[in-house]
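Novice: Build me a model from this:
(4 chains)
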There are 2 protein chains.
Amino acid sequence: MIDVHGLAESRLRTDGQRYTRNRRALVEALDQADGPMSLPQLLQRHRQLAQSSAYRNLAILEGAGVVHRIVTSDGFARFELAQDLTAHHHHRICSTCGSVEDVTLPDALEATLEEALRRVATRSRFRAPSHQLDLIGMCRACG
Amino acid sequence: MIDVHGLAESRLRTDGQRYTRNRRALVEALDQADGPMSLPQLLQRHRQLAQSSAYRNLAILEGAGVVHRIVTSDGFARFELAQDLTAHHHHRICSTCGSVEDVTLPDALEATLEEALRRVATRSRFRAPSHQLDLIGMCRACG
DNA sequence: ATGAGTGCAAAGGCTTTGCATTAGG
DNA sequence: CCTAATGCAAAGCCTTTGCACTCAT
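Specialist: Below you'll find the model as predicted:
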C-alpha cells in the first residue's frame, strides 16, 4: 500500500506548496476513483470545491508530480494520480460517452511491451519515460 | 498502395456528401503528412482554406470514416487518415511541444499486442475495435 | 502581519454555429 | 434552379486568470 497523502504532501512541500484541505480532497477523490476523473465528476463528489480553485490545485498537483492530466475526445480533461502513486495501468476509453476506466495488462505482456518500447524509443532517439496504451471502444453502458 | 481519394469519395457518397476541392485538399495534406496534423498546420499548408470550413469538413470526413481525430495536451486537435486508409501505426508524442509523429512497431510485437488486447477486451465485455498506443516523451527538438 | 490559498466573475482560446453567398449537379 | 458547400463573424464551452477576501503561520 502506498502512502498517497504522505507523498503528496512531501512533493508539494518540495515545490514550496502546502497540502491544504481542498488539495487533500482532490487527491482523496482521485485515489478512490477507479479511473481518471473529469472536473465535473470531481466537483460532484466534493460539492464544496470551487471550480477555479479545483483547476488551479490540479495544475499545482500536476506540477508537483502528484497528478497526471489526460485528455479525451469529449472535451473534458481527466485527472488521475501519477503513475508512481498507483499501479501501472492502461485505459479503456468509450468512444461514445467518453468515460475512462483503468485496466491492467497481464504481467508477461506488460514486460514484453515495456522492452519493445524501450527498443523503439532508443532507435529513434526519443526519450520516452512512459508509454500510454489505450483501448478505444464501447463501454457496456453504451454498447 | 491504397486509393485514398477513391475511398474517401465513395465513403462520403455513402453519407450523401460530395468530395469537394476543399475536402480533397484536406485528405491530400493528411495523406502526405508524416503524422497527425493540427488545424493551424493544415491551414498553413493550404492557405486558401477557411478555418470554419476546414473544421466542418474534417468533422464530415470523420463521420464518413475517412479521418480520425485525436487530442493532445497542447489544446489543438490533431487529424489523421482513418487507420484502414493507412498502415497501422502508433504515435510518438512530445510532452513539451505537443508534436506528434507516426511510428510503427515490429510485426512480432504488434501481433503479440493485438492478441493480448483481444483477450483483455473479451474478458471485460468491452468492444474494442482498435487500440491506441502512444509513446510519451521528449522529441529531439525539445530534448 | 504577511504571503499562500480561495472563490467569484471575467477573459482566453479552440471549436462550433448562424447566416448570407457561391458553386456544383 | 436547388441543394450542398463555403466563409465571415459571432457564439459556445472548457479552462485560465484577475482581484479582493480569508486563512494559516
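Novice: When you work out contacts or count neighbours from here on, use the C-alpha atoms and nothing else.
Specialist: Will do.
Novice: I would like the residues contacting the lowest-mean-pLDDT helix or strand in chain A, please.
Specialist: Every helix and strand of chain A was ranked by mean pLDDT, DSSP states H and E. The lowest is strand A:127-138, at a mean of 83. Here strand A:127-138 makes contact (Cα atoms under 8 Å, 6 or more residues apart in numbering or on different chains) with A:90-96, A:117-118, A:121, B:117, B:126-139, B:143.
Novice: before we move on, what about stretch A:76-83?
Specialist: Outside stretch A:76-83, the residues touching it (Cα under 8 Å, 6+ apart) are A:27, A:30-31, A:35-39, A:58, A:65-72, A:89.
Novice: what residues does chain A put near DNA strand D?
Specialist: A:Ser38, A:Leu39, A:Gln51, A:Ser52, A:Ser53, A:Tyr55, A:Arg56, A:Ala59, A:Gly75, A:Phe76, A:Ala77, A:Arg78 (Cα under 7 Å from any atom of the strand).
Novice: Farthest pair within those?
Specialist: Within those, A:Ser53 and A:Gly75 form the most distant pair, 19.5 Å apart (Cα to Cα).
Novice: May I see the PyMOL selection of the buried members of the contacts of stretch A:76-83?
Specialist: Selecting only the buried entries of those in PyMOL, with 16 or more other Cα atoms under 10 Å in any protein chain shown as the criterion:
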select buried, chain A and resi 27+30+31+35+36+37+38+39+58+65+66+67+68+69+70+71+72+89
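Novice: Could you list the residues in contact with the lengthiest helix in chain A?
Specialist: If you go by DSSP state H, chain A has its longest helix at helix A:107-123. The contact list for helix A:107-123 (Cα under 8 Å, 6+ apart) reads A:Arg127, A:Ala128, A:His131, B:Leu105, B:Leu109, B:Thr112, B:Leu113, B:Ala116, B:Leu135.
Novice: what about the fourth one, which SS state?
Specialist: By that I understand B:Leu105. In three-state terms, and counting by DSSP: H, G, I helix; E, B strand; the rest coil, B:Leu105 is coil.
Novice: Quick check: the gap between A:Tyr29 and A:Thr96.
Specialist: Just so we're on the same page, residue A:29 is Ala rather than Tyr. Between A:Ala29 and A:Thr96 the distance is 25 Å, computed by Cα to Cα, to the nearest Å.
Novice: For these two, indicate the residue with more neighbours.
Specialist: Set side by side, A:Ala29 and A:Thr96 show more neighbours around A:Ala29, with 19 against 15, by other Cα atoms under 10 Å in any protein chain shown.
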